[in-house]
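Asker: Predicted structure and sequence below. I'll ask about it afterward.
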Amino acid sequence: MKTIYKSLLLMGVCSSATVPSMAMTEEADSTHHQPLTETNVKLNEVVVTGLTGQQKLVTSASPISVVSPKQLESQPSTNIIDAISRQPGVSQITTGSGISKPVIRGMGYNRVVVVNDGIRQEGQQWGDEHGVEIDAASVHSVEILKGPASLMYGSDALAGVIVFNSAPVLPMGEMGASVMSGYQSNNGLFDYSVNFAGNKQGFVWNTRYSGKMAHAYKNRYDGYVYGSAYREQSFMQMLGWNHNGGHTHLTLDYYHFTPGIVEGERDEETGNLAMPDGFNPKSYGRSLPFQQIHHYKAVLDNMWYVGDGNIKLLAAYQQNRRQEFEESRDECGLDLMLHTVNYDLHYTSPMLGAWKIATGINGMWQESVNKGSEFLIPDFLLFDYGLFATATCSINKMNLSGGVRYDHRHLHGDALVEDNADRVERFKNFSRGFDGFSGSLGMAYELLPNLNFKANVSCGFRAPNISELASNGEHEGTQRYEIGNTALKPEQSCQLDLGLDYTSQIVSAQLSLFANRISNYIFSTRLVDSNGNHVITDGSDTYKFTSGDARLMGGEVYVDVHPLERLHIGNSFSYVNAVQLHQPSDAKYLPFTPAPRWLGDVRYEIMCDGRTFDHMYVKLAVDCNLRQNHYYAAGGTETSTPSYTLLNLYAGTDIKSHGRRIASVYASCENITNRAYQNHMSRLKYLDVNKATGRMGVFNMGRNFTVKVVVPISL
């Protein structure tokens, strides 16, 4: 048992708060070494966030994936969503290498709730090219909840929730620091992060500063992609007090991101991507056009023990400012400022026999203001709240879970008459109210000591966002003119999940299947005139939001075979079939549906528990995306995407001195064969046509070498 808990701590898949006091630190433990393979303990011992607090992954009725700190640390990536996009059922909508939006089982945008520092991250996530304003180095571990999770998080959690966990508070009397830096060859990405944390007599703190910069990336067909450079800076400070009655933590975050905008314009004769005269593709400086995003966040996290139960109160303020600079580095066109106040109050009961109950209220208030000379959405005010009650019950080999929730959201958009000679009414005044009920009922049953069956039925709710309802403007970042629809109704989802989990000394396997029916599924379509030509507004293709009924089916399978203690052979396969019901063939499939994907790898631990090297491994991985013929073809909105396979190689080791880890070193080469490819979820796929070759759009990154060093510092 001690070895299991030690492995969990080192992997980071549970926090120190969930581990019994008999767990020992790496330096103090003298037990026999075992390879730190996640599957040894994953299914039976990993602790995740449940409906009524912490619970073991094996007892969760809903499908959940966990990404451990070791996985995050060793996986090369360009942003935090890219780092988790290899999880079964998870993909990303990308705009170059710097901007990624999470997609869970074929659904993204406002259908995925991102939780960081205990609250939902609000950063105008309705936009195609709007990423997630979170420093990847500050994330300790990740939980991915698949399927409607509206019971705990309200509207927008229709596809699922991604929870980015911060590092657990250090034990009493300890201080620690770390330095991390990495480099990627393809786009010259250089990043670094420094961290200092401690716990002195209950006073706790955690400080982190991170930076990142990358020049234009390149591939075999396009060369260097102008506009794909970006810079990132972030700062985080947590201060708090832990005491016998609970804790109070204040977290302050600042995130600054400056990505370029890839327009894909090409020279008529050569077909090469257009670049300004004298432009250096390896420059880290800003080049027009570009975006600038500032995200500020303050979170006050309070928890008080009430007997064996607890009361938790979260209050937060976020400010997100997004600017687009097109003609001048000093004067922006689009300038959106979003203010958000989040609140969450809930009570979790102690065990009441076999039952545990949680109930509460949470929601947010938002105000968005246009501060620029260009307009895409109106100024708006939003307020919502949700009342929920959840329960779990353990009866012999069966664990039951479920609950109900009621949500109300009110949204008001202001009218706007542009102050110019034409006096055009850009936006009309409107108010909408949305009400929704959510519920779920699930079970996890132990068929055999190593085999568990899971089933869950859930209903979710999502109100239309401001862009879907009222947008009316040209968006430089997406090169489209977007028109909203104030008559849209809320999306209603009903989903069935079935799963099997199996764990043994040699094989670990998971099977997750789902069927999801969604009423009033909202999406945008490219408009065409009576002659079949694209409708052009202000020089851009015109898109309008509409809705219909949809059905999504699919699942994920994961199998890890470890015939030898040091050898692991992993395989996962993800598939989504997303159909719009009662539509002609060109509008049958939903847009941005990920292609079927197989991920395979062979990992061998070369050395374990050596005097100088520990956990030394090498891994060969295959990333195979099958052809995607299921695409939304109406108006030429999407096209099919050919299959492609990427070959990747990874290696890493811990370096020790006197029995203590003094550094971890990781190296990799992704896309070894320098394959030129386009992912179906890449927005750059639909940019200008290369008339010299006939190829449409910009291709993804080519071969990329990465090296990363992490140095922990004991104080």
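Answerer: Happy to help now that I have it. Since we're looking at a predicted model, the values are computed, not measured. Residues are numbered from 1 along each chain as shown.
Asker: ok, longest strand in this protein?
Answerer: strand 540-564 (DSSP state E).
Asker: can you give me the helices for the stretch 1-150 of the chain?
Answerer: 2-11, 42-45, 69-74, 80-84, 150-153 (DSSP state H, counting those that start in this stretch).
Asker: What average pLDDT does the longest one get?
Answerer: Per-residue pLDDT values across helix 2-11 average out to 36.
Asker: and if you look at the third one?
Answerer: For helix 69-74, the mean pLDDT works out to 94.
Asker: And that helix, what does it pack against?
Answerer: Counting contacts by 3 or more C-beta pairs under 8 Å, 6 or more residues apart in numbering; DSSP states H and E, helix 69-74 packs against helix 2-11, strand 141-146, strand 660-670, strand 704-714. Where you see a C-beta, it was placed from the backbone N, CA and C, and this is true even at glycine.
Asker: Any stretches of the chain with poor pLDDT?
Answerer: Where the chain drops to pLDDT under 70, the residues are 1-45, 420-423, 476-478.
Asker: Determine which stretch of the helices and strands packed on helix 69-74 is the most buried.
Answerer: Highest mean neighbour count of the helices and strands packed on helix 69-74: strand 141-146, a mean of 23 (counted as mean count of other C-beta atoms under 10 Å).
Asker: Residue 141 touches residue 68, doesn't it?
Answerer: Yes: the criterion here is C-beta atoms under 8 Å, and residue 141 meets it with residue 68 at 5.7 Å.
Asker: that older thread, could you point out which of the helices and strands packed on helix 69-74 sits nearest residue 623?
Answerer: For the helices and strands packed on helix 69-74, proximity to residue 623 was assessed by C-beta to C-beta; strand 660-670 is nearest, at 8.5 Å.
Asker: Could you pull up the residues touching residue 538?
Answerer: Going by C-beta atoms under 8 Å, 6 or more residues apart in numbering, residue 538 touches 474, 481.
Asker: ok, which stretches of the stretch 301-450 of the chain are strands?
Answerer: Remark: strands assigned in the stretch 301-450 of the chain by DSSP state E, counting those that start in this stretch are 309-325, 335-348, 355-370, 380-395, 398-413, 416-417, 425-427, 430-448.
Asker: who does the longest one touch, helix- and strand-wise?
Answerer: For strand 430-448, the contact count by 3+ C-beta pairs under 8 Å, 6+ apart identifies helix 150-153, strand 398-413, strand 451-462, helix 466-470 as packing neighbours.
Asker: again, but for the second one
Answerer: Counting contacts by 3+ C-beta pairs under 8 Å, 6+ apart, the secondary-structure elements packed against strand 335-348 are strand 119-120, strand 309-325, strand 355-370.
Asker: Those strands into TSV, with extra columns for distance to residue 90 and mean neighbour count?
Answerer: Output for the helices and strands packed on strand 335-348, formatted as TSV (distance: least, C-beta to C-beta, whole Å; neighbours: other C-beta atoms under 10 Å):
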stretch	distance to residue 90	mean neighbour count
strand 119-120	18	23
strand 309-325	24	19
strand 355-370	25	18
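Asker: could you dump those strands to JSON lines with distance to residue 601?
Answerer: Formatted as JSON lines, the helices and strands packed on strand 335-348 follow (distance: least, C-beta to C-beta, whole Å):
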{"stretch": "strand 119-120", "distance to residue 601": "33"}
{"stretch": "strand 309-325", "distance to residue 601": "37"}
{"stretch": "strand 355-370", "distance to residue 601": "38"}
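Asker: So for residue 682, which of those strands sits nearest?
Answerer: strand 309-325 (20.3 Å).
Asker: The closest one pairs with which strands, and in what direction?
Answerer: Strands that pair with strand 309-325, judged by DSSP bridges, come out as strand 290-306 (antiparallel), strand 335-348 (antiparallel).
Asker: Quick check: which of these is nearest to residue 698?
Answerer: The nearest among the strands paired with strand 309-325, by C-beta to C-beta, is strand 290-306 at 16.5 Å.
Asker: For the closest one, what is the distance to the chain centroid?
Answerer: With C-alpha atoms, centre = their mean, to the nearest Å as the basis, strand 290-306 stands 17 Å off its chain's centre.
Asker: Extract the C-alpha trace of that strand and format it as PDB.
Answerer: Provided in PDB are the C-alpha atoms of strand 290-306 (Å, rounded to 0.1, in the frame of the first residue of the first chain):
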ATOM      1  CA  PHE A 290      -1.600  40.600 -34.700                       C
ATOM      2  CA  GLN A 291      -3.700  40.300 -31.600                       C
ATOM      3  CA  GLN A 292      -3.000  41.400 -28.000                       C
ATOM      4  CA  ILE A 293      -4.700  39.700 -25.100                       C
ATOM      5  CA  HIS A 294      -4.500  40.700 -21.500                       C
ATOM      6  CA  HIS A 295      -6.200  38.500 -18.900                       C
ATOM      7  CA  TYR A 296      -6.400  39.500 -15.200                       C
ATOM      8  CA  LYS A 297      -7.900  37.200 -12.500                       C
ATOM      9  CA  ALA A 298      -8.300  37.300  -8.800                       C
ATOM     10  CA  VAL A 299      -9.800  34.200  -6.900                       C
ATOM     11  CA  LEU A 300     -10.700  34.100  -3.300                       C
ATOM     12  CA  ASP A 301     -11.100  30.400  -2.200                       C
ATOM     13  CA  ASN A 302     -12.500  29.700   1.300                       C
ATOM     14  CA  MET A 303     -13.300  26.400   2.900                       C
ATOM     15  CA  TRP A 304     -14.600  25.600   6.400                       C
ATOM     16  CA  TYR A 305     -15.100  22.200   8.000                       C
ATOM     17  CA  VAL A 306     -18.500  21.600   9.500                       C
END
